[in-house]
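A.B. asks: Here's my sequence, what's the structure:
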Amino acid sequence: MSLSELRKGEEAIVESVPEGQIRHQLLRFGIAPGSRVVCHARIPFGPVVLKFGGQEIALGRALADSLKVRRAS
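C.D. replies: Residues are numbered from 1 along each chain as shown. You can find the predicted model right below:
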């Protein structure tokens with residue numbers, strides 16, 4: 001499933017990150033395959049806000065669509 005499909009409060013594990021410049025930006029934030037993230041908010045027609053490592057990161061909807069995650073149990 002994609003990151004943009006998570007509901008507010010759901011925790012997930014990142015399975016894949018797209019290649020290219022976006023990958024490098026996400027890696028700088030510490031988001032890589034195996035990272036645990038929490039969906040803090042979903043702005044209608046806007047970004048998905050993640051809580052990760054004590055910080056909040058807003059990712060555009062297109063980027064959130066390209067990140068593949070699985071729900072954490």
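
A.B. asks: use CA for all of it now, contacts and neighbours both
C.D. replies: Noted.

A.B. asks: residue ranges for the strands of this structure, please.
C.D. replies: For the chain, applying DSSP state E gives strands covering 11-16, 36-42, 48-52, 55-59, 68-71.

A.B. asks: With Gln25 as the reference, name the closest of those strands.
C.D. replies: For Gln25, the closest of the strands of the chain is strand 55-59, at 11.0 Å, according to Cα to Cα.

A.B. asks: CA atoms only for that closest one - export them in PDB, please.
C.D. replies: Below are the C-alpha coordinates for strand 55-59, written out as PDB (Å, rounded to 0.1, in the frame of the first residue of the first chain):
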ATOM      1  CA  GLN A  55       9.900  15.400  14.300                       C
ATOM      2  CA  GLU A  56       7.000  16.000  12.000                       C
ATOM      3  CA  ILE A  57       7.600  15.900   8.200                       C
ATOM      4  CA  ALA A  58       5.000  16.900   5.600                       C
ATOM      5  CA  LEU A  59       5.300  15.000   2.400                       C
END
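
A.B. asks: Any buried residues in that strand, and which?
C.D. replies: Ile57, Ala58, Leu59 (16 or more other Cα atoms under 10 Å).

A.B. asks: hang on, the earlier thing: export the strands of the chain to TSV and tack on distance to Leu3?
C.D. replies: Formatted as TSV, those follow (distance: least, Cα to Cα, whole Å):
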stretch	distance to Leu3
strand 11-16	8
strand 36-42	8
strand 48-52	8
strand 55-59	10
strand 68-71	6
